[in-house]
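Chemist: From the sequence below, what's the structure:
(chains A and B)
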Protein chains: 2
Amino acid sequence: MKYLLMAAAAASLVFPVQAQEPTPIPSPGEIAAAAPAADWIAIAPSDLLVMDLTPDAAGKPRRVVIQLLPTPFSQGWIGNIRKLAAAHWWDGTSVNRVQDNYVAQWGDATEKKPLPDGLATVPEGDYVLPVSQPKMCAGRALAVCQPAANGLTSSDIRFSGAQSRDAYAGAVGFYRGWPVAADIQIQSIRPDAQAAGSTAWPIHCYGAVGVGRNMSPDTGSGAELYAVIGQAPRHLDRNIAVVGRVLVGIEHLASLPRGTGALGFYEEPGERVPIKSIRLATELPVSERPTFEYLSTDSASFARYAGARANRRDPFFIRPAGGADICNIPVPVRAVAAK
Amino acid sequence: MKYLLMAAAAASLVFPVQAQEPTPIPSPGEIAAAAPAADWIAIAPSDLLVMDLTPDAAGKPRRVVIQLLPTPFSQGWIGNIRKLAAAHWWDGTSVNRVQDNYVAQWGDATEKKPLPDGLATVPEGDYVLPVSQPKMCAGRALAVCQPAANGLTSSDIRFSGAQSRDAYAGAVGFYRGWPVAADIQIQSIRPDAQAAGSTAWPIHCYGAVGVGRNMSPDTGSGAELYAVIGQAPRHLDRNIAVVGRVLVGIEHLASLPRGTGALGFYEEPGERVPIKSIRLATELPVSERPTFEYLSTDSASFARYAGARANRRDPFFIRPAGGADICNIPVPVRAVAAK
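Modeler: Model prediction:
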């Protein structure tokens, strides 16, 4: 296959685990595929949203599976989203906006559908979480060192250091399989450092799912959601709630026709893409539940994988970069057979 | 319009210049729209490639306009591309690969179409350019200070400084309207600094057009091209030639169905998207030439625009970021009436 642009396999969140010719130096995808079973962590079906769009013009099904963020991030909105899914609220709504290099957004185009009772109004302060450093637990074992309510300690996050020099935050890294940022300076990430008043927050990478909102102080209910389909819009971090990410099926959103109205809204009702249903995976019969694992971001395998993303030495490359944007280190996720 | 995710206007390379309600603090798009005429620079039709795909299923035309990089970057490949366009070589070829969050790639799917005579074989060294610093011209006026052959001086580049802290390069900035990177450390960017052996290179942002290649030492002829349709694949910088960027019509590539073969190649010939023609704009009748201007990246207007991209204070935002990825500062480009 001549004139081939290679080097692409690990660019999507879910990579195919397939037979490949052995190479002198493994690619990031090969490193992840070779990780021992113990490094892979099952994703709970209660954290998965299954969105079925109506089939495409050729009759092919279009399923998008979204993983919700783990505690303690964004839990107010995620509680609302669980209620909306349980109420089957999105059934019959639609994708109403697709803006190139930005987002695909879905919800109730009429803006008149009543919301379920009991949705929380989440404060803006919940865009970030307090993050303390282990120093604050000096003298006690880390295991008994409790973080602030709804907070976490910096040792919960695997910071990327200089390899991921970031324009938007003092430090970026991974928390239980998710890219996050913190207003901690890289040089102060050590056990004995103070970081009074520091915060951490989930970030907008490709495939991230967030909560549409009106002008501040509105923070959105979670009924109006979007997925990022372009360059990471990190300027939205801390300005709008990230609640999850698309694990599979982002192409069903990213390849939709772009809306021609302002901000990419579809101008004609007939252009909207109907949503058949959105369900928590726990509501599906066990045999039909999608099941996934992610590569533990605390594992040595992940550290090797991330290092290889920052310094590609597999055969296509002639010059490793020496670093990688946090959004160019997608956490490996794989579909597994239901157990 | 309730539950609206706003803040998007400047996310595409070409933004609509439209009436907007006055806001207390202008958005980046408003700053660019208000720039004086003198800050806008015409793009020569000889630097534009016009690609017409066959119309879509609804019969709508699909035109993609590409701007080629200015001298001295990537000129070997760009010379080849001019010859290929003049030979109408791409007419009847196709888009053969669309990989989600990565690239759309086009060329001759048969890999058998003879290339025009006289194409250059470009060395790998041309992925970067030598960049010297004004210090090397000490004692002479800058105007008579000649850079190395095919090189440039660091004063030709408007570096972004700490606002664009970058994982892939010591410094990033803009050169005559284009995002570029250099292996100069931010702290050394001052007139009296030395930077012996420094290089600069064009970078892979959303919409960037590059040259597909085979394994090294192949560098590609320019006959096989791709456009970036996802998160900036900056690991390709210095590993593959960037030759231009899509000014308008990227959505015609980014919304194509993703290929289901390895690396996103279409598996069935019928899935490929035929290319009607690719022409240099100079070959079109004057009345049919697309005409564009870009906002001078040396202008005060651009500095204000870039600053506002890094610190959004228009009404939707509650917390400015304090920085922006170089690929999130798209250079404003506008279509203008042909003169």
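
Chemist: rest of the way, CA atoms for contacts and neighbours
Modeler: Noted.

Chemist: Tell me how many other residues crowd the residue in chain A that chain B sits nearest to.
Modeler: At 3.9 Å from chain B, residue A:255 is the closest residue in chain A, using CA to the nearest CA. Applying other CA atoms under 10 Å in any protein chain shown, we find 21 residues neighbouring residue A:255.

Chemist: okay, how far is it across stretch A:207-224, tip to tip?
Modeler: 16 Å (CA to CA, to the nearest Å).

Chemist: Next to chain B, which bits of the stretch 101-250 of chain A? Give me the list.
Modeler: Proximity of the stretch 101-250 of chain A to chain B, by CA under 8 Å from any CA of the partner chain, involves residues A:101-102, A:111, A:162-169, A:206, A:212-216, A:220, A:224, A:229-239.

Chemist: Narrow the residues you listed to just the buried residues.
Modeler: A:101-102, A:162-169, A:206, A:212-213, A:215, A:220, A:224, A:229-239 (16 or more other CA atoms under 10 Å in any protein chain shown).

Chemist: Tell me who's in contact with the residue of chain A closest to chain B.
Modeler: B:254, B:255, B:256, B:257, B:258 (CA atoms under 8 Å, 6 or more residues apart in numbering or on different chains).

Chemist: Would you reformat those residues as JSON lines and include distance to residue A:304, secondary structure and pLDDT?
Modeler: Below are the contacts of residue A:255 laid out as JSON lines (distance: CA to CA, whole Å; DSSP: H, G, I helix; E, B strand; the rest coil; pLDDT from 0 to 100):
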{"residue": "B:254", "distance to residue A:304": "32", "secondary structure": "helix", "pLDDT": "98"}
{"residue": "B:255", "distance to residue A:304": "34", "secondary structure": "coil", "pLDDT": "98"}
{"residue": "B:256", "distance to residue A:304": "34", "secondary structure": "coil", "pLDDT": "98"}
{"residue": "B:257", "distance to residue A:304": "33", "secondary structure": "coil", "pLDDT": "97"}
{"residue": "B:258", "distance to residue A:304": "29", "secondary structure": "coil", "pLDDT": "98"}
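
Chemist: Looking at those residues, which is nearest chain A?
Modeler: Proximity of these to chain A (CA to the nearest CA) peaks at residue B:255, which lies at 3.9 Å.

Chemist: And the closest one, how far from residue B:56?
Modeler: Applying CA to CA to residue B:255 and residue B:56 gives a distance of 11 Å.

Chemist: what's the answer for residue A:238, then?
Modeler: Taking CA to CA, one finds residue A:238 at 39 Å from residue B:56.

Chemist: Domains in chain A, by residue range?
Modeler: Chain A resolves into domains spanning A:21-41+A:293-335, A:44-290 when parsed by automatic domain parsing.

Chemist: wait, what's in contact with the residue lying closest to residue A:317 once chain neighbours are set aside?
Modeler: Spatially, and ignoring its direct neighbours in sequence, residue A:317 is nearest to residue B:239 (6.1 Å; CA to CA, 6 or more residues apart in numbering or on different chains). If you count contacts by CA under 8 Å, 6+ apart, residue B:239 has them with A:317, A:318, A:319, B:127.

Chemist: Packing partners of the lowest-mean-pLDDT helix or strand in chain A?
Modeler: For chain A, counting by mean pLDDT, DSSP states H and E, strand A:152-153 ranks last in confidence among helices and strands (a mean of 81). For strand A:152-153, the packing partners by 3 or more CA pairs under 8 Å, 6 or more residues apart in numbering or on different chains; DSSP states H and E come out as strand A:129-132.

Chemist: any chance of the contacts of residue B:239 in JSON lines, plus neighbour count, secondary structure and distance to residue B:305?
Modeler: JSON lines is the format used below for those (neighbours: other CA atoms under 10 Å in any protein chain shown; DSSP: H, G, I helix; E, B strand; the rest coil; distance: CA to CA, whole Å):
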{"residue": "A:317", "neighbour count": "19", "secondary structure": "coil", "distance to residue B:305": "35"}
{"residue": "A:318", "neighbour count": "17", "secondary structure": "coil", "distance to residue B:305": "36"}
{"residue": "A:319", "neighbour count": "15", "secondary structure": "coil", "distance to residue B:305": "33"}
{"residue": "B:127", "neighbour count": "20", "secondary structure": "helix", "distance to residue B:305": "29"}
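
Chemist: Residue A:61: which of the residues you listed is nearest?
Modeler: Nearest to residue A:61 among the contacts of residue B:239: residue A:317, at 36.8 Å, using CA to CA.

Chemist: Show the pLDDT at the closest one.
Modeler: At residue A:317 the predicted local confidence, pLDDT, stands at 94.

Chemist: Can you classify the nearest residue to residue A:69 once chain neighbours are set aside as helix, strand or coil?
Modeler: Spatially, and ignoring its direct neighbours in sequence, residue A:69 is nearest to residue A:244 (4.9 Å; CA to CA, 6+ apart). Of the three states, residue A:244 takes strand under DSSP: H, G, I helix; E, B strand; the rest coil.

Chemist: Touching, residue A:244 and residue A:205? I think so.
Modeler: No: using CA atoms under 8 Å, residue A:244 is not in contact with residue A:205, being 10.4 Å away.

Chemist: residues touching residue A:240, list them.
Modeler: Per CA under 8 Å, 6+ apart, neighbours of residue A:240: A:127, A:210, A:211, A:212, A:213, A:219.

Chemist: Try it again at 7 Å.
Modeler: A:127, A:211, A:219 (CA atoms under 7 Å, 6 or more residues apart in numbering or on different chains).

Chemist: phi, psi of the second one?
Modeler: Which is residue A:211. phi -110, psi 110 (degrees, to the nearest 10).

Chemist: neighbours around it, how many?
Modeler: Residue A:211, neighbours per other CA under 10 Å, totals 25.

Chemist: Name the nearest residue to it, sequence neighbours excluded.
Modeler: Residue A:211 sits nearest to residue A:225 (CA to CA, 6+ apart), 4.7 Å away.
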